[in-house]
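Next comes the sequence, and after it the predicted model I'd like to discuss.
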2 protein chains.
Amino acid sequence: MVRIIDVAKRANVSTATVSRVLSSPHTVREETMGRVLEAIKDLDYHPNILARQLRTLESKTVIVVVPDISNPFFSKVLRGIEYVAAANGYQVLLKDTTNDLELESGYVDLLRQKKADGMIFLTVMNSELVNIVENQYPVVLACEYIEGSSIPTVSIDNISAARKATEYLIQLGHRQIASISGPTTSVLGQDRLKGFYQALAQYDVTVDPVLIQEGDFTYESGFNVMNKLLALNQLPTGVFAANDEMALGAIKAIKSKHLRVPDDISVIGFDNIKFSTICEPELTTIAQPAFEIGNKAMDLLFKLMKNKKIIRSQYILEDKLIIRNSCVKKV
Amino acid sequence: MVRIIDVAKRANVSTATVSRVLSSPHTVREETMGRVLEAIKDLDYHPNILARQLRTLESKTVIVVVPDISNPFFSKVLRGIEYVAAANGYQVLLKDTTNDLELESGYVDLLRQKKADGMIFLTVMNSELVNIVENQYPVVLACEYIEGSSIPTVSIDNISAARKATEYLIQLGHRQIASISGPTTSVLGQDRLKGFYQALAQYDVTVDPVLIQEGDFTYESGFNVMNKLLALNQLPTGVFAANDEMALGAIKAIKSKHLRVPDDISVIGFDNIKFSTICEPELTTIAQPAFEIGNKAMDLLFKLMKNKKIIRSQYILEDKLIIRNSCVKKV
DNA sequence: TTGTATGCGTTATCAG
DNA sequence: CTGATAACGCATACAA
């Protein structure tokens, strides 16, 4: 391994000068710099990042905590994060919690040990953790919003988006509307369910509580929950699924009972993942600006890490209702 | 920040003893250890990993280079890797190349700088890089196999699997068989195409070269390439897609032309991703043991990093033809 | 079984 | 503009 001192010797300068050439080139004479650069090139010198980090206490790394990387929506947010991070010379370390509560702890250590300079949560199930981290390390929350928390957040307004989706079903004439919600342990699940209820209230629609069922955001849970709903005496005519994966699972279940979507049952999803146009019929859903959410979240984290003031700490991005073919007027 | 010396002072021992308590507890007297552990707890001491790494030159981190994290197949392999890594106290750093050639370079630096101890490639487009890394740093290749290379590999036999898939179509009576291959810049793409050709040769089937088209493993490319095929005078009756995402795209294209799968055109995929049962009809495909591939790859990497001898450096895992409803006998 | 002392490779301080 | 040198926090060879 070639070290800074090897370069220094070859260029006939001190290690300090070599270091300066690398970190603040303007403070060194041009001729000296030339010699140093040449030596670096000759020796194929690469600074040891570990040593640098020990000295500077900066890891140039951020950690993104994601609930389920195989969900295409999160993949896309991640892309947005990585794009901004890479542009600023930062590494992105990924932690997939596999929707597991346990695994969400222990990340504070990574920050304390300067293994990472900051963290982005794409979901929060363990809100205690957030409180620990709050005001202590740079952390931003993407995709969901926590009421009353001061953690910088970038997301859509999940409540109003869910309300919008439900309203759409109501306006199509549906009154027997089921909800396949996310886990109520997650803010995301709660918010989208809340929006669902708000729409019902606003239009004076009352729904049998048995139509409100909880999934866990996976395709399988959508399939299973829908099967439960299909076993009821009175079937729903419309279904609001809290994300697309569950909506796809629901459609699968409906079809396997030889019912038709949307003719017999309308289904609306949430996220607009790339597979939402795969199924027959194509899924009507709420589109989130996933890539932009990632961009903005990383921007925010940078500002936080640089101790810059953040004007607004809650960024709400625009969602959009994408009307395709999985919902139809109730006859 | 509380350091090792703070703990040492409080426990009335030297820093060396504290260090030993942490790394080789059996070498220290029980009573001493008790005092040290108590001090650690009292002060809420957490060793600085950076400093430790600088000393040991071990980062306890591995990097996985993945072509497209939003592909569910790779997500699953990754899970397998993480499972084994976590069990051994290793972090997994993820690099998504976004199928971009450029981005695949520069990882050698991460190894050289001891930012990671080893690396797993889930794909290799830039085989030069492999040659650089070869015999120099611990690297294993998962999912694909490079002819003549000595890099430890774990994968299925992509050639024979592709041959098996194609054979299946031939045995169903298809003769006009199209191939939507992966990029020929990737070994994976090459191998699966090779298997396709082998099956044709074996059964003396000759195919118009125009039926052999190249995609890039994405849903969109499957859709686009299939549209091209559908514009031909003589349509294929069977399609072998080199992965499920492209197969799904192809099915979409076929349906949008008001043709039926499998009645008009049979489609077979590769990978058995979780969305392969979403579409109508469900996809016949080749299943890879994704999780196990990940497990084995990480195992192999550990052995490599520990300089243990590796008995066999090429592990071939079993694939399996999953027959569902997207292929049917040619009438 | 424990302590002392040194070095890992870098950056930052201070003096020149 | 440059050089000498002291940290950064830890692990380990060697001595006790």
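The structure has been received and is ready for your questions. Residues are numbered from 1 along each chain as shown, chains lettered A, B, ... in the order given.

how about the strands in the stretch 101-250 of chain A?
Here the stretch 101-250 of chain A has its strands, by DSSP state E, counting those that start in this stretch, at A:118-121, A:139-142, A:153-156, A:177-181, A:212-214, A:238-241.

now, of the ones you listed, which is deepest in the fold?
strand A:238-241 (a mean of 31; mean count of other C-beta atoms under 10 Å in any protein chain shown). (Each C-beta comes from the backbone N, C-alpha and C, glycine too.)

Near A:Met288, how many other residues are there?
Residue A:288: Gln, not Met. 24 (other C-beta atoms under 10 Å in any protein chain shown).

Give me the residues contacting stretch A:285-294.
Here stretch A:285-294 makes contact (C-beta atoms under 8 Å, 6 or more residues apart in numbering or on different chains) with A:73, A:76-84, A:142-143, A:154-156, A:161-162, A:164-165, A:244, A:247, A:268-272, A:276, A:317-322, A:324.

hang on, the earlier thing: let me have the strands of the stretch 101-250 of chain A in TSV, extended by distance to B:Phe196 and mean pLDDT.
Listed next are the strands of the stretch 101-250 of chain A as TSV, based on distance: least, C-beta to C-beta, whole Å; pLDDT from 0 to 100:
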stretch	distance to B:Phe196	mean pLDDT
strand A:118-121	42	90
strand A:139-142	42	90
strand A:153-156	44	94
strand A:177-181	41	98
strand A:212-214	45	97
strand A:238-241	38	98
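
Reformat those strands as a markdown table; add distance to DNA strand C.
A markdown table is the format used below for the strands of the stretch 101-250 of chain A (distance: least, C-beta to the nearest atom of the strand, whole Å):
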| stretch | distance to DNA strand C |
| --- | --- |
| strand A:118-121 | 19 |
| strand A:139-142 | 24 |
| strand A:153-156 | 31 |
| strand A:177-181 | 50 |
| strand A:212-214 | 51 |
| strand A:238-241 | 51 |
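
Could you report the neighbour count for A:Pro236?
24.

Looks like A:Ala199 contacts A:Thr166 (just checking).
Yes - using C-beta atoms under 8 Å, A:Ala199 is in contact with A:Thr166, at 3.5 Å.

more crowded one of those two?
A:Thr166 (26 against 23).

so what pLDDT did the more buried one get?
pLDDT for A:Thr166: 98.

Same check on A:Val18?
94.

Quick one, which of the contacts of stretch A:285-294 are buried?
Among those, those classed as buried by 16 or more other C-beta atoms under 10 Å in any protein chain shown are A:73, A:76-82, A:84, A:142-143, A:154-156, A:161-162, A:164-165, A:244, A:247, A:268-272, A:276, A:319, A:322, A:324.

circling back to that earlier point, now render the strands of the stretch 101-250 of chain A as JSON lines, adding distance to B:Gly118.
Converted to JSON lines, the strands of the stretch 101-250 of chain A look like this (distance: least, C-beta to C-beta, whole Å):
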{"stretch": "strand A:118-121", "distance to B:Gly118": "25"}
{"stretch": "strand A:139-142", "distance to B:Gly118": "30"}
{"stretch": "strand A:153-156", "distance to B:Gly118": "35"}
{"stretch": "strand A:177-181", "distance to B:Gly118": "42"}
{"stretch": "strand A:212-214", "distance to B:Gly118": "41"}
{"stretch": "strand A:238-241", "distance to B:Gly118": "41"}
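
For stretch A:279-290, C-alpha coordinates in PDB please.
The C-alpha coordinates for stretch A:279-290 follow below in PDB (Å, rounded to 0.1, in the frame of the first residue of the first chain):
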ATOM      1  CA  CYS A 279     -52.100  -6.700 -14.900                       C
ATOM      2  CA  GLU A 280     -55.300  -7.000 -16.800                       C
ATOM      3  CA  PRO A 281     -56.900  -4.500 -16.400                       C
ATOM      4  CA  GLU A 282     -54.400  -1.800 -15.800                       C
ATOM      5  CA  LEU A 283     -54.500  -0.400 -12.400                       C
ATOM      6  CA  THR A 284     -56.000   2.900 -11.400                       C
ATOM      7  CA  THR A 285     -53.800   4.300  -8.700                       C
ATOM      8  CA  ILE A 286     -52.200   7.300  -7.000                       C
ATOM      9  CA  ALA A 287     -48.900   8.300  -8.500                       C
ATOM     10  CA  GLN A 288     -46.200   9.500  -6.200                       C
ATOM     11  CA  PRO A 289     -43.200  11.400  -7.500                       C
ATOM     12  CA  ALA A 290     -40.800   8.700  -6.200                       C
END
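
Give the buried residues for that stretch.
A:279-281, A:283-290.

ok, back up a step: give me the subset of the buried ones among the contacts of stretch A:285-294 touching chain B.
A:76, A:78-79, A:82 (C-beta under 8 Å from any C-beta of the partner chain).

So which of those residues would count as near DNA strand D as well?
Within the set of these, contact with DNA strand D (C-beta under 7 Å from any atom of the strand) is found for no member.

Would you indicate which residues of stretch A:85-102 are buried?
Buried-residue list, stretch A:85-102, by 16+ other C-beta under 10 Å: A:85, A:90-97, A:99.

Please disregard the earlier target; I meant stretch A:188-201.
A:188-200.

tell me which of these is nearest to DNA strand D?
A:Leu188 (37.1 Å; C-beta to the nearest atom of the strand).

which ones are touching that closest one?
Counted by C-beta under 8 Å, 6+ apart, A:Leu188 has contacts A:123, A:143-144, A:158, A:182, A:242.

what ranges do the helices span in the stretch 1-150 of chain A?
A:4-11, A:15-23, A:30-43, A:49-56, A:72-87, A:107-112, A:127-133 (DSSP state H, counting those that start in this stretch).

And the pLDDT at A:Gly106?
For A:Gly106, the pLDDT comes out at 61.

Low-confidence ranges, chain A, go.
Chain A contains residues with pLDDT under 70 at A:98-106, A:109-110, A:112-113, A:125-135, A:308-311.

Near chain B, which residues of it? Just list them.
Listed as neighbours of chain B in chain A under the rule C-beta under 8 Å from any C-beta: A:46-51, A:53-54, A:59, A:69-70, A:72, A:75-76, A:78-79, A:82, A:91-94, A:96, A:98, A:109, A:112-115, A:219, A:248, A:252, A:255, A:274-275, A:277-280.

does DNA strand C sit close to stretch A:13-24?
Yes - against DNA strand C, stretch A:13-24 shows contacts by C-beta under 7 Å from any atom of the strand at A:15-16, A:18-19, A:22-23.

Return the distance of A:Ile170 relative to B:Val62.
Relative to B:Val62, A:Ile170 is positioned 51 Å away (C-beta to C-beta, to the nearest Å).

Compare these two (neighbour count), which wins?
Legend: neighbour count by other C-beta under 10 Å for A:Ile170 and B:Val62, higher for B:Val62 (27 against 18).

For chain A, what lies in contact range of DNA strand C?
Checking chain A against DNA strand C by C-beta under 7 Å from any atom of the strand, the hits are A:1, A:3-5, A:15-16, A:18-19, A:22-23, A:45, A:47-48, A:51-52, A:54-56.

and A:Ala292, how many neighbours does it have?
Residue A:292: Glu, not Ala. The burial count for A:Glu292: 16, using other C-beta under 10 Å.
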